[in-house]
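1. take a look and give me a structure for this.
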Amino acid sequence: MTKNIDDGYLGSGLSIRRAIKKYGKHNFTREILNHCDTKHEMQEQETIALRDHLNNPLCYNLSYFGVGGNTREIYTPEQKQQYINKLINNPNCPIGKSGKNNHRFGSKWDKKYKQKRSNQMKTYYKELKINDPEKWQQWKDKVSTAASTTLYNINKQTMKRVFVTNKSTNTTTEFMGYKNCMDHFNISKNAVKNFLNKPQSKPKLKHLKLIQQDYVFSYTKP
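-> Got it, this is the predicted structure:
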């Protein structure tokens, strides 16, 4: 049942949602059986239709009656927020709970269950790539961005910091790791290391001599 015939709604029950994920929306068709004036009339018409089809193994409805789905669709934004706050304040509800307040805090999955979940997720995303390439690409982009951010934060904690002070202005620039410093001055990693570890050495290349004359390299901030 829907108020908007163009909303693309296919169903909200557990079985139909799992089937859509597995087979893709393109493998389902929607046919409008009745137009009703009231919600009560819609529920009656769906209940009548279900009497003939509920025992059909291809039927995804889980209830004998035309009720269910999003029962809070008529809520105002304030009522929805009140409902969410009620769930958050319920100590037996996991919604809004983190750390020690979450009912699964401290629990661990065994290897067998981890492998099972891993296989399920691999299968899901393989099928998603085939059935809904656009959604799969959105997921991939989101995961790639998150992974890059996480890797950067890890490297940020472990990589060596290079401080370069301009002798004429006495200003210091901090570089996160050798590579950023290399790119900035367009020099090799060995050149950066020599400036850091052998500040008294005299480079042979002219552009390195100029850099040494104008800058001081250090592992610690002056």
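2. right, and the helix or strand after the top helix by length along the chain?
-> For the chain, the helix that runs over the most residues, judged by DSSP state H, is helix 133-158. Sequence-wise, the next helix or strand downstream of helix 133-158 (DSSP states H and E) is strand 161-166.
3. helices or strands up against that next one?
-> strand 172-176, helix 178-185, strand 215-218 (3 or more C-beta pairs under 8 Å, 6 or more residues apart in numbering; DSSP states H and E). Just so you know, the C-beta spots here come from the backbone N, C-alpha and C atoms, and that holds for glycine as well.
4. for the first one, what is the average pLDDT?
-> Rounded to a whole number, the mean pLDDT of strand 172-176 is 92.
5. columns distance to Gln120 and mean neighbour count on top of the helices and strands packed on strand 161-166, output as JSON lines?
-> Conversion of these to JSON lines gives the following (distance: least, C-beta to C-beta, whole Å; neighbours: other C-beta atoms under 10 Å):
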{"stretch": "strand 172-176", "distance to Gln120": "38", "mean neighbour count": "14"}
{"stretch": "helix 178-185", "distance to Gln120": "39", "mean neighbour count": "16"}
{"stretch": "strand 215-218", "distance to Gln120": "51", "mean neighbour count": "17"}
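6. any chance of those in TSV, plus distance to Leu33?
-> Formatted as TSV, the helices and strands packed on strand 161-166 follow (distance: least, C-beta to C-beta, whole Å):
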stretch	distance to Leu33
strand 172-176	62
helix 178-185	64
strand 215-218	77
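7. give me the nearest residue to Tyr125, chain neighbours excluded.
-> Spatial nearest neighbour of Tyr125, excluding adjacent residues (C-beta to C-beta, 6 or more residues apart in numbering): Trp136 at 6.7 Å.
8. just the pLDDT at that neighbour, thanks.
-> The predicted local confidence for Trp136 is 90.
9. likewise for Ile95?
-> 81.
10. is it located within a strand, as I assumed?
-> No: under DSSP: H, G, I helix; E, B strand; the rest coil, Ile95 sits outside any strand and is assigned coil.
11. that one - nearest residue in space that isn't next to it in sequence?
-> Leu87 (4.5 Å).
12. ok, the residue nearest to Tyr125 to Arg18 distance?
-> Separation of Trp136 from Arg18 (C-beta to C-beta, to the nearest Å): 18 Å.
13. looking at the two, which is more packed in?
-> Neighbour totals were compared for Trp136 and Arg18, and Trp136 leads with 16 against 11 (other C-beta atoms under 10 Å).
14. list the contacts of the more buried one.
-> By C-beta atoms under 8 Å, 6 or more residues apart in numbering, the contact list for Trp136 reads 125, 128-129.
15. could you do Asn92 as well?
-> With contact set as C-beta under 8 Å, 6+ apart, Asn92 has these partners: His103.
16. doesn't it belong to a helix?
-> No: assignment of Asn92 by three-state DSSP gives coil, placing it outside any helix.
17. can you name the element that comes right after the helix or strand bottoming out on mean pLDDT in the chain?
-> The weakest-scoring helix or strand in the chain, judged by mean pLDDT, DSSP states H and E, is helix 39-53 (a mean of 77). Per DSSP H and E, the first helix or strand lying C-terminal to helix 39-53 is helix 77-89.
18. now do the buried residues in the following helix or strand past that next one.
-> Reading on from helix 77-89 to the C-terminus, the next helix or strand found by DSSP H and E is helix 111-131. With burial defined by 16 or more other C-beta atoms under 10 Å, the residues of helix 111-131 counted as buried are 128, 131.
19. how distant is helix 111-131 from the center of its chain?
-> Put simply, helix 111-131 sits 16 Å off its chain's centre (C-alpha atoms, centre = their mean, to the nearest Å).
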